[in-house]
Structure formats: structure tokens, C-alpha cells
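[1] Let me see the structure of the following:
(one chain, ligands or ions: 2)
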Amino acid sequence: MNNFLKIGHRGAKAHVAENTLESIQKALEIGVDMIEIDVHKCASGELWVIHDFTLDRTTNGSGEIAKRTAEELKKLRIEGQFKIPLLTEVLELIEGKCLINIELKGLNTAPPVCKLVKEKIASSKWEYADFIISSFQKNELFEVRKNDQEIPIAVLSKASVPEAIELGKRLKASAIHPSLGIITRDNTKLSQENGFKINVWTVNEREDMQRMIDFGVDGIISDYPDRLHNPVLNL
Ligand code: G3P
Ligand code: CA
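    Ligands and ions are numbered 1, 2, ... in the order given. Okay, here's the model as predicted:
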């Protein structure tokens with residue numbers, strides 16, 4: 001299938017610790033078209049690639065990221081060895097190799113992320129079409145659109161595709177990112193008829209991958225992006 005996106009979730013989460021440079025490197029070696037990562041802002045203003053609002057699950061630290069400084073976060077380790085990457089480091093690693101889906105997790109991440117994206121577009125190989133900014137938080141997405149008319153936006157949803165479509169229209173979004181649990185053949189078609197790409201998450205089982213491909217989705221976000229290369233898939 002032309003233009004189908006194989007998207008690595010948090011890098012290649014099933015293979016190397018999520019949202020690390022090493023996990024992203026693994027996804028690049030697998031040969032993904034896009035990498036999905038999560039972003040938070042810390043107390044000193046830097047943007048970090050990490051999923052949770054707190055440090056406890058994935059690092060040897062504890063407490064809220066939003067209350068820690070960059071100096072504190074730099075010292076922490078994931079699985080005893082990996083560092084929490086800055087968004088700038090991730091962009092440097094990925095530049096020119098694949099597309100990126102930046103999920104805005106933390107509050108008030110839209111303005112600094114937009115600023116960084118625009119700086120990168122002005123000064124490097126990055127182009128608008130290389131980015132998709134997504135979020136479950138409407139406010140962050142409206143803030144993205146207020147900051148910039150061109151940055152591609154995706155509406156994340158685990159509740160309702162039709163509601164995501166309506167929100168997507170207001171945001172001039174490019175894509176809908178529904179969870180596997182709510183996607184159907186009909187709402188895939190509805191999204192596409194309304195002009196949105198549809199990239200589904202998190203699809204790890206091969207039979208689900210094939211079912212999504214049969215629905216005609218535009219991309220699959222997977223912890224196992226290697227499975228998207230499986231020749232049994234009828235792309
Ligand atoms: O962006 C798709 C997916 O990552 C959203 O859920 O919790 O894995 O960030 P979560
Ligand atoms: Ca995510």
C-alpha cells in the first residue's frame with residue numbers, strides 16, 4: 001500500500017526501554033516511517049521525552065517531572081543505563097531519517113514545542129511535513145494551531161472517532177489517532193471521507209495489524225514496528 005506509515009511507538013518500546021535515544025535508534029534500524037514519542041516540560045523549561053507525568057515508573061527518580069529541573073533530570077537513569085532524552089536530542093537523532101509524531105503529554109508544552117519545531121524548520125533539514133503534533137488535550141492542540149497555522153496536528157482519541165473528527169475540523173488537523181479499541185471499518189472510512197489520515201494505536205498483534213490494514217488505515221503505531229515488515233501482511 002502506497003504511503004502506509006509504519007510507526008514505532010515510544011521508539012521501539014517492545015525491544016528497548018521506551019522513549020530513549022536507544023529505543024529510537026532501534027526503531028530507525030528496523031526501518032520505520034515515523035517515530036511516536038511523548039513530551040513533558042520540566043520546572044526549568046526544557047522539553048523531555050518521557051511518557052508519564054511522574055518519574056517513578058520508568059526512572060530511578062520520583063515525583064513530578066514538572067517540578068524537577070534539567071540538572072536533576074540529567075542525573076536520572078532508565079533501567080540503570082539509559083538517560084531521559086531532551087526533545088532536541090531526539091530531533092537531532094531522527095533528522096533526515098524518518099518522520100516524527102510528538103505527543104504533547106505535559107501541560108503548557110504546545111508553545112515551546114511549536115517554537116522548537118519552527119526553529120528546526122528554519123535551520124535544518126526538518127520540514128513541516130515531517131511532523132505530526134498529537135495530544136489528548138484539546139487546549140494544547142488549540143494552542144498549537146494558535147502558534148502556527150501549518151504544523152500538522154493529529155487528534156488522539158480513545159473515546160469517539162466522530163467526536164475526534166469534529167474537533168479535527170475545528171483544529172484544521174491532518175489526522176485522527178484512535179485507539180485500537182474504538183476503530184471500525186466505518187469510522188476509518190468516515191475519517192478519510194472528511195479528509196483525515198487515520199493512524200491507529202497501539203497495535204502489537206499480527207492479526208490486529210492485518211485487520212487494520214484491511215480497514216484501510218493510513219498508519220499503524222506499534223511497540224513492535226518490526227512486525228509491520230512481516231511479509232504475511234497484505235499491504
Ligand atoms: O500516540 C498514541 C499513543 O501513544 C497514545 O497513548 O498512553 O501510549 O501515550 P499513550
Ligand atoms: Ca504516546
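[2] wait, what's in contact with Lys120?
    Leu91, Glu95, Trp126 (Cβ atoms under 8 Å, 6 or more residues apart in numbering). For the C-beta atoms, the positions are set from N, CA and C on the backbone; glycine is no exception.
[3] doesn't Leu116 make contact with the first one?
    Yes - look at Leu91 against Leu116 with Cβ atoms under 8 Å: they come within range, at 7.4 Å.
[4] Neighbour count: these two, which is higher?
    Set side by side, Leu91 and Leu116 show unequal neighbour counts under other Cβ atoms under 10 Å, the larger going to Leu91 at 23 against 18.
[5] roughly how far apart are the more buried one and Lys120?
    Taking Cβ to Cβ, to the nearest Å as the measure, Leu91 and Lys120 are separated by 6 Å.
[6] And for Glu143?
    Glu143 sits 18 Å away from Lys120 when distances are taken as Cβ to Cβ.
[7] And for Ser191?
    For Ser191, the distance to Lys120 (Cβ to Cβ) stands at 28 Å.
[8] and the residue of this structure nearest ligand 2?
    Of the chain, the residue with the smallest distance to ligand 2, taken as Cβ to the ion, is Glu103 at 4.0 Å.
[9] what are the phi and psi angles of that residue?
    Its backbone dihedrals place Glu103 at phi -90, psi 120, with angles given as degrees, to the nearest 10.
[10] which ones are touching it?
    Contacts for Glu103 (Cβ under 8 Å, 6+ apart) come out as Glu36, Ile37, Asp38, Val39, Ile133, Ser134, Ser135, Leu156.
[11] Give me the subset of these lying in helices.
    Using DSSP state H, no member of the contacts of Glu103 sits in helices.
[12] Identify those among the residues you listed that sit within strands.
    The strands, defined by DSSP state E, take in Glu36, Ile37, Asp38, Val39, Ile133, Ser134, Ser135, Leu156 from these.
[13] For the closest residue to Ser134 other than its chain neighbours, list each beta-bridge partner.
    Setting aside the residues directly before and after it, Ser134 is nearest to Ala154 in space (Cβ to Cβ, 6 or more residues apart in numbering), at 4.0 Å. Applying DSSP bridges to Ala154 gives these bridge partners: Ser134, Ala175.
[14] is it true that Ala154 touches Pro178?
    No - in this structure, Ala154 sits apart from Pro178 without contact. The criterion is Cβ under 8 Å, and the distance is 10.0 Å.
[15] what's the distance between Ile165 and Phe196?
    With Cβ to Cβ as the criterion, Ile165 and Phe196 are 7 Å apart.
[16] Overlap of the contact sets of these two?
    Among the neighbours of Ile165, those also in contact with Phe196 (Cβ under 8 Å, 6+ apart) are Ile176.
[17] Ramachandran coordinates for Glu95?
    Taking degrees, to the nearest 10, you get phi -40, psi 120 for the backbone angles of Glu95.
[18] contacting residues for the spatially most central residue of the chain?
    By Cα atoms, centre = their mean, the chain has its centre lying nearest to Glu36, at 2.9 Å. Taking Cβ under 8 Å, 6+ apart as the criterion, Glu36 is in contact with Ile7, Gly8, His9, Arg10, Ile100, Asn101, Glu103, Ser134, Trp201, Ile221.
[19] Contact partners for the closest residue to the fourth one other than its chain neighbours?
    Of all residues not flanking Arg10 in the chain, Glu18 sits nearest, at 3.7 Å (Cβ to Cβ, 6+ apart). The neighbours of Glu18, taking Cβ under 8 Å, 6+ apart as the test, are His9, Arg10, Gly11, His51, Thr58.
[20] Alright, I will stop here.
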